[in-house]
Structure formats: C-alpha cells, structure tokens
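Student: return a 3D structure for these sequence lines:
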Amino acid sequence: MHTHDHSNEISDLVQIILVTPFVLGLIGYLLSVSISNKKKKQWPFYRVVLWIIGVVCASLSVIGPIADRSHEDFSAHMVGHLLLGMLAPLLMALGAPMTLILRTLPVHSARRLSYILRSGPISILHNPIFTSLINVGALWLLYTTELFPMMHENVLLYAFIHIHIFLAGYLFTISIIYIDPTPQRKSFIYRSVVLLMALAAHSILSKYLYAHPPDGISTAQAKLGGMIMYYGGDAIEVGLVCILCYQWYRNTRSKVKAANLQLQKN
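Tutor: The predicted structure follows:
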C-alpha cells in the first residue's frame, strides 16, 4: 500500500502530536471529576469509565501497532477509522464532558459558557445535517478522491484528516443524542431522519469501497476494509440508534405521565 519509509516518516512525531490531546483530555477529565466531587454529589462512575475507554480507543487509532499498520494495511486503517471516528466519539459523548465542565467551573464562568453554547455559530455546529455533511460527506471525499493517497504522503495532511475524523464524529454523535445540556434541541423525528440518511450514506460508501478500491489499494484489501467498515460501523451505529430510541421513549413516557397528572388535577 505504502512504503515503510513513509510510515516511519509519519509515525513517530505525528503519533505523539495526535495522541497528546487525548492524554490531556483524560487528565483534565479526571481532575474535573475530583474537583466536582468535592463541591457536589459524586460524579457517576460509569461516565468516568466510558470516557477512559473512549480515550483509549482514540489513542489506539493514532499511536501504536494499528496506527503503524494503517499505512500499509487498509483493513488496519479501517479499524482505526472505526475507533477514532465512531466508537471513541460515542463513548466520550456518553462521558458527558460539558456537563462535568459546567459543574466544575465557578458559577459566573459556567454562565458565560452556557451563553456561548446558546450562540448562533454553536447551533450550526450542533445541527445534525451540518454534522452529517462534515462527517460522512468528508469520508466520501477522502476515499473517492486523491486525498487518501495524498494523506499518506503529507505529514500535515495526515494529522489534519485524523483530527477532523475525530471532531466530525464527535460533533455528529452529540448532535444526534443529547447527553450534555443542549439549548437548541431538534425533535426526535428530525434527528432520526438525519441519522438514518447518514447511516445509509456510510453503508453505501463501505459497499462502494468494496467494489472500487481507493488508489494504491489492492482489491483484496479493499474488500476486507469495506467489510470492516460495513459490519463494524453497523455494530456501533446500532448502539447509537438504541440510545436515541431509549431517549425518545423516556421523553414520551414523561410527557404521558405529565398529561395524566394534569387530567387527574382537572
């Protein structure tokens, strides 16, 4: 797929650069949990576990054996894609980092942050249609153009694309399932329709790669990578769908209970 020279050129420094934000994120999260627990009730332990696993998944995709092999093995690249762009964002979103930050900050700072989260630019970044375009749409651009082989020849482009894959995956996840406070919420129907369209686009891309290998990828590697993307993506997407449906169920049940109480009062 690519020479070992290119792999060695990219891997060392860039892997350290890419993994550093996740290490800092883990340290910051744990420090915030410690501060929050001293001020308020205990932060849910399961959220800490989810955040840690998410950070580990993201880190494994950018440093170590998977990252090294991804330059020469398309199937390893796809495993890294699933970890970095789908599984890690989902697990880290379930860690509710923004809620933790708001709990940790002083009241004045927390209010300022809440004001920023309600601003227009943030609402665009949180719109499911926008996040679908920068997430799944960017994958189509990556794998169906010269961008994919160029990524393995250019250190800066390689780092940028990996950063984009994680951030786009995270923004897409939090635009579909609301774990943290979300001022400008979209309806469940709206999010469900966008999610189904995004999942379809992701599945179609995996089938396309199965039949049309990117430049420099053998047919055998493309088929294996396409299957990993298809079946691995489906497994993670099922989790996302289940969470959204569960939230929808809870919301509907709460409304029914509120309506019944109102009828009893009348």
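Student: what's near enough to touch residue 195?
Tutor: 128, 176, 240-241, 244 (Cβ atoms under 8 Å, 6 or more residues apart in numbering). For glycine as for every other residue, the C-beta is placed from the backbone atoms N, C-alpha and C.
Student: residue 226 against residue 212, yeah?
Tutor: No. The pair residue 226 / residue 212 is not scored as a contact, 9.4 Å apart, by Cβ atoms under 8 Å.
Student: next, count neighbours for the nearest residue to residue 143 once chain neighbours are set aside.
Tutor: With Cβ to Cβ, 6 or more residues apart in numbering as the criterion, residue 143 has its nearest non-adjacent residue at 5.3 Å, and that residue is residue 214. Look at residue 214: counted by other Cβ atoms under 10 Å, it has 20 neighbours.
Student: in which helix or strand does residue 214 reside?
Tutor: Residue 214 is part of no helix or strand, with elements assigned from DSSP states H and E.
Student: picking up where we left off before, neighbour count winner among residue 226 and residue 212?
Tutor: A count of neighbours by other Cβ under 10 Å puts residue 226 above the other of residue 226 and residue 212, at 23 against 13.
Student: so what's that one scoring on pLDDT?
Tutor: At residue 226, the model reports a pLDDT of 94.
Student: quick one: which helix or strand includes it?
Tutor: helix 219-227.
Student: list the buried residues for that helix?
Tutor: 221-227 (16 or more other Cβ atoms under 10 Å).
Student: state the next helix or strand along the chain beyond that helix.
Tutor: Past helix 219-227, the next helix or strand by DSSP H and E is helix 233-265.
Student: in that following helix, what's buried?
Tutor: Residues of helix 233-265 classed as buried by neighbour count (16+ other Cβ under 10 Å): 233, 236-237, 240-241, 243-244, 247.
Student: closest one to residue 58 out of the residues you listed, please.
Tutor: The shortest approach to residue 58 among the buried residues of helix 233-265 belongs to residue 236, at 13.5 Å (Cβ to Cβ).
Student: which residues sit in contact with that closest one?
Tutor: 82, 86-87, 90.
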